[in-house]
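**Student:** Pasting a predicted model and its sequence here:
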Amino acid sequence: MRAWTWPAAGVALLAWGEWLNRRWSKTLVNDDRHGSKAVVVLGYRNPSDAINLVNRWRVRAGLRSVGADDGPDTVVVFSGGPVGSDIAEARLMAEHARSALRFGGRVLVEDRSRTTWENITHVIPLLADAQRIVIVSQPAHALKARAYLRRQRPDLAERLVRGEDYRLGEWTLLKPLLAAYGLWGLRGITAAERKL
């Protein structure tokens, strides 16, 4: 095997991970527009009373999805129940947003969900007044949640816009693994559901 084969394969794998995560972040969303915004941040199984690395990243991605020109009617909704510990993921994320990241905007907490389907079911009442809806997680997980919103409330799904949960170069070394895991997680989402 030639000396350049392994490095080339590594570069191709990294590029594949970037491409697939970027593609997922742009699927089932509409062009952004003006109006009130709800940013839904989905939790990840938290095994202790301290917020884990994945949930800290999701909080940051959620807060950067709040634009500088978004008005005071913008709300960040943290969603996730006590799946891995006795404290709800949503409560840990909301506390991290307020105390560690000094977020002073409007925050709502949905702390009953134990699955992605339940995340969407329980946040729907909190989204009714939002003219724009953003769902933030790892790109494949966010796509799955957007597909679930289309199944449960297609009228609200028409308001979906892209968030800031994908950035070129962020998590690059893990993106091939995230892409492979994402493909597994999206196996219940049909090809038709992945298109507008």
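**Tutor:** Yep, it's here.
**Student:** Give the buried residues for the helix of greatest length in the chain.
**Tutor:** Identified as the longest helix of the chain according to DSSP state H is helix 5-25. Neighbour-count burial for helix 5-25 flags Gly17, Glu18, Leu20, Asn21, Trp24, Ser25 (criterion: 16 or more other Cβ atoms under 10 Å). For glycine as for every other residue, the C-beta is placed from the backbone atoms N, C-alpha and C.
**Student:** can you put those in CSV and add distance to Val161 and pLDDT?
**Tutor:** Shown next, in CSV, are the buried residues of helix 5-25 (distance: Cβ to Cβ, whole Å; pLDDT from 0 to 100):
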residue, distance to Val161, pLDDT
Gly17, 24, 92
Glu18, 22, 94
Leu20, 21, 94
Asn21, 18, 94
Trp24, 15, 95
Ser25, 11, 96
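**Student:** what residue ranges in the chain score low on pLDDT?
**Tutor:** 1-4, 194-196 (pLDDT under 70).
**Student:** Helices along that one, start to end?
**Tutor:** 5-25, 53-64, 89-95, 116-127, 139-152, 154-157, 175-185.
**Student:** Let me know the angle separating the first one from helix 175-185.
**Tutor:** What it means is helix 5-25. Comparing the axes of helix 5-25 and helix 175-185 via axes from the mean of the first three to the mean of the last three Cα atoms, to 10 degrees yields an angle of 50 degrees.
**Student:** now helix 5-25 and helix 139-152, what's the angle there?
**Tutor:** Using the same axes, to 10 degrees: helix 5-25 against helix 139-152 is 30 degrees.
**Student:** send the alpha carbons of helix 5-25 over as PDB?
**Tutor:** Provided in PDB are the C-alpha atoms of helix 5-25 (Å, rounded to 0.1, in the frame of the first residue of the first chain):
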ATOM      1  CA  THR A   5      -3.200   5.900   1.000                       C
ATOM      2  CA  TRP A   6      -3.900   6.100   4.700                       C
ATOM      3  CA  PRO A   7      -3.700  10.000   5.000                       C
ATOM      4  CA  ALA A   8      -5.900  10.300   1.900                       C
ATOM      5  CA  ALA A   9      -8.400   7.900   3.400                       C
ATOM      6  CA  GLY A  10      -8.400   9.900   6.600                       C
ATOM      7  CA  VAL A  11      -8.900  13.200   4.800                       C
ATOM      8  CA  ALA A  12     -11.800  11.600   2.800                       C
ATOM      9  CA  LEU A  13     -13.400  10.300   6.000                       C
ATOM     10  CA  LEU A  14     -13.200  13.700   7.600                       C
ATOM     11  CA  ALA A  15     -14.600  15.400   4.500                       C
ATOM     12  CA  TRP A  16     -17.500  12.900   4.400                       C
ATOM     13  CA  GLY A  17     -18.300  13.600   8.100                       C
ATOM     14  CA  GLU A  18     -18.300  17.400   7.500                       C
ATOM     15  CA  TRP A  19     -20.400  17.100   4.300                       C
ATOM     16  CA  LEU A  20     -23.000  14.900   5.800                       C
ATOM     17  CA  ASN A  21     -23.400  16.900   9.000                       C
ATOM     18  CA  ARG A  22     -23.700  20.100   7.000                       C
ATOM     19  CA  ARG A  23     -26.300  18.600   4.700                       C
ATOM     20  CA  TRP A  24     -28.400  17.400   7.700                       C
ATOM     21  CA  SER A  25     -28.200  20.900   9.200                       C
END
